[in-house]
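Undergrad: Could you look at this predicted model? Sequence included:
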Amino acid sequence: MSRIVVLGAGSWGTTIAKVIADGGNELMLWARRADQVEQINSTQQNPDYLAGIVLPKSIHATSSIEQALDQAEQIYIAIPSQQLRESLTTWSSLIPKTATLISLMKGLESGTGKRMSEVISESTGIPLDQIAVLSGPNLALEIANQEPAAAVAACSSQDRASEVARVCSSEYFTVFTNSDVIGTELGGVLKNLIAVAIGIVSGIGHGQNTKASIMTRGLSEITKFAVAHGARRRTMFGLAGLGDLIATSESSLSRNFRAGEMLGQGVAKQDVIQRLKQTAEGLSSVEPVLAIANKLGIEMPIVSQVYDVIEGRMSPTEFGKQLNLADDVEVES
C-alpha cells in the first residue's frame, strides 16, 4: 500500500483525503494550523471547510511537514496556487525523489503564467513524468457527501496515472486517466474564468439564455487558448473541460461562481475576497491568462471583460455585451 499524503486541509484537500480513505487507504493530511489538526484528529471533522462531514479514522492529520513527507510515495498538493512555489522550494529537500506528486490546484502562477505542474517540477526538481494532475467536475461538498462523481488523472507516465486513479477511485468517485496533462490542467484553470463570468450575469439578474450563451462561447474561447498551448481539443470537451465548466458555472458551492455573483451585485474585488474566506482561483488566474493570450494573439473577449469587471473598469451592468465581439464562427474544425 502506498504511503499517501495530502498537503492542504481546505475543502478540496480534505475531500480528496476522504475519498482516498473511503477507498480503503490510510493517509496523512497536513494542515498549517495546529488547532485544525487537533480538531480533525479528535473529532474526525473539519468544520471550517466541510461542515457536517465525518471523516474516516484512517485519516491522520499533522502540522509537521517533516512527518507528513517522510517516506511519502504519493503526495497530493492542495495549497493556494500563489503560495506553491515558495512552499515547495522550502520543502523540496524533504520530498522523496521517487514520489509521485499530484496537483489538485486549478490556477496559474501570477507573474510567470506557469501551470501548477510546471511550478511543482521547477521548485522540487521532480521530473514532469512523476507529476500528475487530478481534475474534473469536483465540487467538494457534493463529493464529501458521497454523491457520484468522476475526475481525470493525467500524467505522461501511464503507470503513475493509473496508480493515482486506483488510489482515488471509490464506490462514489471514479477516476479516468489520460496523458494530456496540458489540457487537463488548463481545463481546470480556464473554466474558473467562465464561471466568474456566469456568476456576474447571475448577480445582475440575467436569465438562462445569457448564461448558456456565455458558457458556450466561453468554452470556445478557452478551448482556443488550451489548444494553442498543446492541449488536445477533445480534452476540453471531456470531464476536465466541459464537465468541470458545467459543475462550476452555476452552483452555490462554486467559489468562482459566488465571486462573480458578488461582482455582478456591485461588490468590490477586495470585499469579495474577504467574504469568500477561501481562494477563488478565477480572480487570480485571469491576469496571467490574458497576458499569455495577448502575446499569442488569441482573442478572449469574455475573459477580457471579466477582468475589466474584477478591476472596476467596467460596470457589471455592461457585462454580456462582449458576445457582440466574439468570433462569429460557431463550429470550428
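TA: Arrived safely.
Undergrad: where exactly do the strands run in the stretch 1-150 of the chain?
TA: Here the stretch 1-150 of the chain has its strands, by DSSP state E, counting those that start in this stretch, at 4-7, 27-30, 59-62, 74-77, 100-103, 131-135, 149-154.
Undergrad: Dump the C-alpha coordinates for the third one into PDB.
TA: Okay, so that is strand 59-62. In PDB, the C-alpha atoms belonging to strand 59-62 read as follows (Å, rounded to 0.1, in the frame of the first residue of the first chain):
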ATOM      1  CA  ILE A  59      -7.100  10.000   8.100                       C
ATOM      2  CA  HIS A  60      -4.300  11.100  10.400                       C
ATOM      3  CA  ALA A  61      -3.700  14.900  10.500                       C
ATOM      4  CA  THR A  62      -0.400  16.600  11.300                       C
END
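Undergrad: remind me which residues of the protein are low pLDDT?
TA: 1-2, 279, 321-333 (pLDDT under 70).
Undergrad: ok, 80 please
TA: Applying pLDDT under 80 to the chain flags residues 1-2, 277-282, 320-333.
Undergrad: The strands of the stretch 1-150 of the chain: which one's closest to residue 300?
TA: strand 131-135 (20.4 Å; Cβ to Cβ). (Glycine included, C-beta is placed from N, CA and C.)
Undergrad: just to revisit the earlier point, got the strands of the stretch 1-150 of the chain as CSV, with mean neighbour count and distance to residue 235 columns?
TA: Listed next are these as CSV, based on neighbours: other Cβ atoms under 10 Å; distance: least, Cβ to Cβ, whole Å:
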stretch, mean neighbour count, distance to residue 235
strand 4-7, 26, 25
strand 27-30, 25, 28
strand 59-62, 20, 31
strand 74-77, 25, 21
strand 100-103, 27, 16
strand 131-135, 29, 10
strand 149-154, 24, 8
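Undergrad: Mind checking those for the one nearest to residue 38?
TA: Checking these against residue 38 by Cβ to Cβ gives strand 59-62 as the closest, at 8.1 Å.
Undergrad: what's near enough to touch residue 268?
TA: residue 312 (Cβ atoms under 8 Å, 6 or more residues apart in numbering).
Undergrad: roughly how far apart are it and residue 311?
TA: Note on residue 268: its distance to residue 311, by Cβ to Cβ, to the nearest Å, is 10 Å.
Undergrad: Would you reformat the strands of the stretch 1-150 of the chain as a markdown table and include distance to residue 197?
TA: Compiled in a markdown table, the strands of the stretch 1-150 of the chain are given as follows (distance: least, Cβ to Cβ, whole Å):
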| stretch | distance to residue 197 |
| --- | --- |
| strand 4-7 | 31 |
| strand 27-30 | 34 |
| strand 59-62 | 36 |
| strand 74-77 | 27 |
| strand 100-103 | 24 |
| strand 131-135 | 20 |
| strand 149-154 | 23 |
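Undergrad: Which residues belonging to stretch 307-318 are considered buried?
TA: Along stretch 307-318, these residues count as buried under the neighbour rule (16 or more other Cβ atoms under 10 Å): 307-310, 314, 316.
Undergrad: Show residues contacting it.
TA: Here stretch 307-318 makes contact (Cβ under 8 Å, 6+ apart) with 196, 200, 203-204, 263-266, 268-269, 283, 286-287, 290, 305, 319.
Undergrad: Return the set of residues that bridge with residue 27.
TA: On the basis of DSSP bridges, residue 27 is bridged to residue 4, residue 59.
Undergrad: Touching, it and residue 6? I think so.
TA: Yes: assessed by Cβ atoms under 8 Å, residue 27 is found in contact with residue 6 at 6.3 Å.
Undergrad: and stretch 233-252, C-alpha only, in PDB?
TA: This file holds the C-alpha atoms of stretch 233-252, laid out as PDB (Å, rounded to 0.1, in the frame of the first residue of the first chain):
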ATOM      1  CA  ARG A 233      -9.300  19.600 -28.300                       C
ATOM      2  CA  ARG A 234     -11.200  16.600 -27.100                       C
ATOM      3  CA  THR A 235      -9.800  17.000 -23.600                       C
ATOM      4  CA  MET A 236     -11.600  20.400 -23.400                       C
ATOM      5  CA  PHE A 237     -14.900  18.600 -24.200                       C
ATOM      6  CA  GLY A 238     -14.400  16.000 -21.500                       C
ATOM      7  CA  LEU A 239     -14.500  15.900 -17.700                       C
ATOM      8  CA  ALA A 240     -11.700  18.300 -17.200                       C
ATOM      9  CA  GLY A 241     -13.100  20.900 -19.600                       C
ATOM     10  CA  LEU A 242     -16.800  21.000 -20.300                       C
ATOM     11  CA  GLY A 243     -17.700  18.700 -17.400                       C
ATOM     12  CA  ASP A 244     -15.900  21.000 -14.900                       C
ATOM     13  CA  LEU A 245     -17.300  24.100 -16.600                       C
ATOM     14  CA  ILE A 246     -20.900  22.900 -16.200                       C
ATOM     15  CA  ALA A 247     -20.400  22.000 -12.500                       C
ATOM     16  CA  THR A 248     -18.600  25.200 -11.600                       C
ATOM     17  CA  SER A 249     -20.700  27.700 -13.600                       C
ATOM     18  CA  GLU A 250     -23.900  27.900 -11.600                       C
ATOM     19  CA  SER A 251     -23.500  26.200  -8.200                       C
ATOM     20  CA  SER A 252     -23.600  28.000  -4.900                       C
END
